[in-house]
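Trainee: Here is a sequence with its predicted model. Questions after.
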Amino acid sequence: MLLENQIAEVIETQQAIFRTKEVGLEREMLLHIPNFENHVLIVSGIRRCGKSTLLRQLFSRTYKNAIYLNFEDVRLSGFDIDDFSRLSKIIDEKKIKTLLFDEIQVVKNWELFVRQKLEEQYRIIITGSNASLLSRELGTKLTGRHISIELFPFSFNEFNAFLNTDNYKKTIDEYLTKGGFPEVIKRKENQLLNQLLTDILQRDVAVRYNIRDITRLRQLAVYLISNIGKPFSGKKLTESFELKSNSTTLEYISHMEQAYLIQLVPKFSYSLKTQARNPKKVYTIDIGLFSQNSIVFSDENGRRLENLVYLHIRRKYEQIYYFKEKGECDFVAIKNGKAEELVQVCWEVNDINQKREINGLLEAMEYFQKDHGTIITYNQSEKITIKNKTIKFIPVHKYLSE
């Protein structure tokens, strides 16, 4: 239990820091935040991707009079549901109707307090590092009264804006290596990505899900990060890392996905059972994590490129699949039950791989009855027509900057 004056002191000191910190580069997400009147706005995303900075930008731009509280403050250790009554009293006394809460999901039964304040006509914005916990717990208590958006590390456009350059062709190599975590780019310290991986596994996975075998959890995470763009088998991973069971392995992987560390792409099928039966491909939420934490001893430019393209598509679509029949197409983006984009990724299309890459895309175009598809390359630009179907070759720096 915390005393009321202890909670009030934390609010005051956090508020002072929150107000004086730099607003930073204005995020693209600011242009896409919906009207959430009478709803809780949830901003979820991987740790250190800039969620708190987005709150400051909202604060300075729209909600200049708001109460901010980060529940991961060590002074709030032991905060429980009974302390919410004391927090509510402090909030009511301040007569401020906008609440900005960072990582409130670390407190058990937090959603009951949020529902109460929403009923009292407060405007509430929550950030968190776990997608399913936020949506599932609020979905149970606030059905239809919350809106969720996702924040990613810097996009390529944001990366270039931060560097204050419009020479995208020059900066693509740096982005392919460093990725888009704001603090890493600002401080130019890539080793921060090692500590970030540790923090995510310990705080967002192990502590949250009561996992004791941190060593195997980390080994599994490093393996998945090292194998971006490749399908994996839960059974083989269970055997390789000597985990208790296949279900344990899949739970670990699911927890890492919910913490935004990795992203999984299933094989396309109209049958959900078939989707579940086929292996999924794995990607990381930021290519910098691959650069700094993988155990790969080569540049792997093709897989870096594929991961970047995936992230660009993921910012636009929630449903993404890979297509595989006779050939393979890397990405099928689905919207409202229909294929919107078909994208193949290849570092360089040449005499050796041209037939494979084009035929894989053409097969997907025929399957989904699309007359156009895209092949993303490092620097090739071309347009070809085959069987009345158009395929565009687009250099990655142009594709990511669209």
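Mentor: Noted; the coordinates are in hand. Every value quoted in this text rests on a predicted model; they were computed, and no experiment measured them.
Trainee: residue contacts, the nearest residue to Asn359 once chain neighbours are set aside?
Mentor: What sits nearest to Asn359 in space, not counting adjacent residues and going by Cβ to Cβ, 6 or more residues apart in numbering, is Gly327, at 4.9 Å. For glycine as for every other residue, the C-beta is placed from the backbone atoms N, C-alpha and C. Applying Cβ atoms under 8 Å, 6 or more residues apart in numbering, we find Gly327 in contact with 356, 359-364.
Trainee: Quick one: name whatever helix or strand follows the lowest-mean-pLDDT helix or strand in the chain.
Mentor: One helix or strand of the chain scores below all others by mean pLDDT, DSSP states H and E: helix 131-141, with a mean of 63. Per DSSP states H and E, helix 131-141 leads on to strand 146-150 as the next helix or strand towards the C-terminus.
Trainee: What residues sit buried inside the next helix or strand after that next one?
Mentor: Using DSSP H and E, the helix or strand that directly follows strand 146-150 along the chain is helix 156-163. In terms of neighbour count (16 or more other Cβ atoms under 10 Å), helix 156-163 has its buried residues at 156, 158-161, 163.
Trainee: what's the answer for stretch 175-187, then?
Mentor: Within stretch 175-187, judged by 16+ other Cβ under 10 Å, the buried ones are 175-182, 184-185.
Trainee: Would you convert those residues into CSV that also reports secondary structure?
Mentor: Converted to CSV, the buried residues of stretch 175-187 look like this (DSSP: H, G, I helix; E, B strand; the rest coil):
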residue, secondary structure
Tyr175, helix
Leu176, helix
Thr177, helix
Lys178, helix
Gly179, coil
Gly180, coil
Phe181, coil
Pro182, helix
Val184, helix
Ile185, helix
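Trainee: Out of those, the closest to Lys230 would be?
Mentor: Taking Cβ to Cβ as the measure, Lys230 lies nearest Leu176 of the buried residues of stretch 175-187, at 18.1 Å.
Trainee: thinking again about what came up before, could you turn the buried ones of the contacts of Gly327 into a ChimeraX selection?
Mentor: Here is the ChimeraX selection string for the buried members of the contacts of Gly327, based on 16+ other Cβ under 10 Å:
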select :360,361,362,363,364
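Trainee: Of the contacts of Gly327, which belong to helices?
Mentor: 356, 359-364 (DSSP state H).
Trainee: packing partners for the longest helix along the chain?
Mentor: Counting residues, the longest helix in the chain under DSSP H turns out to be helix 4-20. On a contact count with 3 or more Cβ pairs under 8 Å, 6 or more residues apart in numbering; DSSP states H and E, helix 4-20 meets helix 51-61, strand 67-70, helix 83-94.
Trainee: secondary structure class for Phe101?
Mentor: Taken by three-state DSSP, the conformation at Phe101 corresponds to strand.
Trainee: got the contact list for it?
Mentor: 68-71, 114, 124-127 are the contacts of Phe101 under Cβ under 8 Å, 6+ apart.
Trainee: Among those residues, find me the one that's closest to Gln202.
Mentor: Closest to Gln202, out of all of the contacts of Phe101 and judged by Cβ to Cβ, is Phe71, at 17.0 Å.
Trainee: The closest one and Ser226: what is the separation?
Mentor: Note on Phe71: its distance to Ser226, by Cβ to Cβ, to the nearest Å, is 33 Å.
Trainee: State the distance from Asn336 to Tyr317.
Mentor: 11 Å.
Trainee: remind me which residues of the stretch 1-150 of the chain are low pLDDT?
Mentor: For the stretch 1-150 of the chain, the stretches flagged by pLDDT under 70 are 132-143.
Trainee: could you redo the last one with a cut-off of 80?
Mentor: Along the stretch 1-150 of the chain, segments meeting pLDDT under 80 span 63-64, 131-144.
Trainee: The stretch 201-350 of the chain too?
Mentor: 297.
Trainee: what ranges do the helices span in the stretch 201-350 of the chain?
Mentor: Taking DSSP state H, counting those that start in this stretch, the helices of the stretch 201-350 of the chain run over residues 207-209, 214-226, 234-240, 246-258, 272-277, 287-293, 301-314.
Trainee: what's the distance between Leu305 and Gly45?
Mentor: 23 Å.
Trainee: repeat for Phe268
Mentor: Distance from Phe268 to Gly45, by Cβ to Cβ: 26 Å.
Trainee: that older thread, output the contacts of Phe101 in JSON lines, with distance to Phe241 and neighbour count appended to each entry.
Mentor: Converted to JSON lines, those look like this (distance: Cβ to Cβ, whole Å; neighbours: other Cβ atoms under 10 Å):
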{"residue": "Tyr68", "distance to Phe241": "41", "neighbour count": "21"}
{"residue": "Leu69", "distance to Phe241": "39", "neighbour count": "21"}
{"residue": "Asn70", "distance to Phe241": "35", "neighbour count": "20"}
{"residue": "Phe71", "distance to Phe241": "33", "neighbour count": "18"}
{"residue": "Val114", "distance to Phe241": "38", "neighbour count": "25"}
{"residue": "Ile124", "distance to Phe241": "41", "neighbour count": "21"}
{"residue": "Ile125", "distance to Phe241": "39", "neighbour count": "22"}
{"residue": "Ile126", "distance to Phe241": "35", "neighbour count": "25"}
{"residue": "Thr127", "distance to Phe241": "32", "neighbour count": "24"}
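Trainee: Closest one to Glu150 out of the residues you listed, please.
Mentor: Thr127 (11.0 Å).
Trainee: Make sure that closest one is indeed in a strand.
Mentor: Yes. Assessed with three-state DSSP, Thr127 lies in a strand.
Trainee: Please tabulate the helices of the stretch 201-350 of the chain in CSV, including the columns mean neighbour count and distance to Thr171.
Mentor: Below are the helices of the stretch 201-350 of the chain laid out as CSV (neighbours: other Cβ atoms under 10 Å; distance: least, Cβ to Cβ, whole Å):
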stretch, mean neighbour count, distance to Thr171
helix 207-209, 14, 36
helix 214-226, 18, 23
helix 234-240, 15, 36
helix 246-258, 19, 29
helix 272-277, 11, 37
helix 287-293, 22, 13
helix 301-314, 21, 12
